[in-house]
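S.K.: Could you work out the structure for the sequence below:
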Amino acid sequence: MNGIIVINKPKDFTSFDVVAVMRGIAKTKKVGHTGTLDPMATGVLPLLFGNATKVQDILPDTDKEYTADFQLGITTDTLDITGKPLRERPVNVSDTDIRNILPLFTGDILQTPPMYSAVQVNGKRLYQLARQGITVERMQRSIHIEKLELLSYCPQTHTGKLRIQCSKGTYIRTLIDDIGNTLSCGGTMTALCRTCACSYRLDDAISLETAQQLGKENRLESVLQSVEGIFRQYRFVHVSELQARRFANGGCLDLNRLHLSDFQKDEIIRVKSPQNQFLGLGKADKDNQQLCIYKLFPQ
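M.R.: Here you go, the predicted model:
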């Protein structure tokens with residue numbers, strides 16, 4: 001069983017919990033995931049089966065999308081509603097006030113990882129230190145917020161919802177905390193749903209309950225998607241039968257004989273057989289005019 005199944009992760013499950021459940025359903029140990037979600041988060045979690053686990057170290061750098069609920073006026077130690085309340089402040093904020101400051105958090109910005117996170121400092125996870133009551137200085141990181149939109153806001157309850165399209169490594173909890181502080185009232189995240197990751201959307205995902213039912217009926221492979229889907233952002237080339245055999249055996253291909261133009265230096269290309277079978281990824285070596293093996297995905 002080789003390929004990808006996209007799960008709509010339920011609340012209160014870790015990503016590792018979902019992997020463990022799917023190992024049992026699929027009756028295989030070779031299962032991985034493309035990126036963790038906090039237990040309180042729901043949404044898109046692509047799982048890798050069989051030889052698809054080889055993509056974990058070469059995942060394309062794609063944006064992720066979320067919807068996040070928030071509550072203004074409250075600050076917690078974890079920056080979300082599951083944490084210990086630290087401070088409550090009065091709120092006098094309108095939806096216009098919120099929309100007016102969102103451009104401050106759009107584009108390339110710096111963000112400090114929260115203490116309750118898996119970031120390592122001196123060999124220890126920050127959340128391990130935080131549980132001991134230890135706070136350490138964290139280096140700010142550069143992230144990119146492509147889109148930040150206020151979907152709703154209720155001035156009576158001080159609650160609302162945001163839509164965020166962002167680079168990997170972005171902490172939505174921190175974003176909401178920073179927005180709350182800029183509004184001089186504080187804020188905390190109350191719910192989070194990842195709506196897009198690795199080019200997969202919620203419409204591509206199935207629930208764990210559906211996966212369990214399909215497993216009982218021996219039909220789990222009916223929702224198995226080709227590993228090629230995770231590389232959709234790369235261009236592809238169809239090669240001849242002879243070129244397909246050469247590439248599958250680890251041989252480079254002559255760039256001049258491929259029906260693509262304007263190769264970029266080190267550009268990654270999807271390679272497909274005449275029958276449209278995904279063979280793997282090649283990397284353009286412009287100096288030697290060759291498409292060299294980057295990663296093979298034998299069937």
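
S.K.: Geometric centre of this structure: which residue is closest?
M.R.: For the chain, the residue nearest the mean C-alpha position is residue 197 (4.1 Å; C-alpha atoms, centre = their mean).

S.K.: nearest spatial neighbour of it, skipping sequence neighbours?
M.R.: residue 44 (4.6 Å; C-beta to C-beta, 6 or more residues apart in numbering). C-betas here are computed from N, CA, C, even on glycine.

S.K.: so who does the residue nearest to the centre of the chain touch?
M.R.: 34-35, 43-46, 62, 64-65 (C-beta atoms under 8 Å, 6 or more residues apart in numbering).

S.K.: Show me these that map onto strands.
M.R.: 43-46, 64-65 (DSSP state E).

S.K.: from these, which is closest to residue 15?
M.R.: residue 45 (6.1 Å; C-beta to C-beta).

S.K.: doesn't residue 33 make contact with the closest one?
M.R.: Yes. Assessed by C-beta atoms under 8 Å, residue 45 is found in contact with residue 33 at 6.0 Å.

S.K.: Between these two, which has more neighbouring residues?
M.R.: residue 45 (27 against 20; other C-beta atoms under 10 Å).

S.K.: What ranges does the stretch 101-250 of the chain have for its strands?
M.R.: 107-111, 120-121, 124-125, 141-154, 159-166, 187-197, 200-201, 236-238 (DSSP state E, counting those that start in this stretch).

S.K.: mind listing what the third one pairs with, with the direction of each?
M.R.: Strands flanking strand 124-125 in the sheet, each with its direction: strand 120-121 (antiparallel) (DSSP bridges).

S.K.: of the contacts of residue 197, buried ones?
M.R.: 34-35, 43-46, 62, 64-65 (16 or more other C-beta atoms under 10 Å).

S.K.: and the nearest residue to residue 189 once chain neighbours are set aside, what does it touch?
M.R.: Spatial nearest neighbour of residue 189, excluding adjacent residues (C-beta to C-beta, 6+ apart): residue 80 at 4.3 Å. With contacts defined as C-beta under 8 Å, 6+ apart, residue 80 is in contact with 38, 40, 173, 188-190, 192.

S.K.: looking at these, which has the most residues close by?
M.R.: residue 189 (29 neighbours).

S.K.: List the beta-bridge partners for that residue.
M.R.: residue 70, residue 80.

S.K.: Which pLDDT value belongs to the residue in the chain sticking out farthest from the centre?
M.R.: Among residues of the chain, the one most distant from the C-alpha centroid is residue 242; the distance is 36.9 Å, by C-alpha atoms, centre = their mean. For residue 242, the model assigns a pLDDT of 95.

S.K.: now do the one 3 residues further on
M.R.: At residue 245 the predicted local confidence, pLDDT, stands at 94.

S.K.: Please apply the same query to residue 138.
M.R.: On the pLDDT scale, residue 138 gets 76.

S.K.: Also residue 117?
M.R.: So residue 117 comes in at 66 (pLDDT).

S.K.: Isn't residue 54 up against residue 295?
M.R.: Yes. Using C-beta under 8 Å, residue 54 makes contact with residue 295 at a distance of 6.3 Å.

S.K.: This protein: helices as residue ranges?
M.R.: Taking DSSP state H as the test, the helices found in the chain are 15-26, 95-101, 126-131, 172-182, 208-216, 241-248.

S.K.: and the nearest residue to residue 23 once chain neighbours are set aside, what does it touch?
M.R.: Excluding the flanking residues, the one nearest residue 23 by C-beta to C-beta, 6+ apart is residue 31, at 5.0 Å. By C-beta under 8 Å, 6+ apart, residue 31 lies in contact with 19, 22-23, 47-49, 53.
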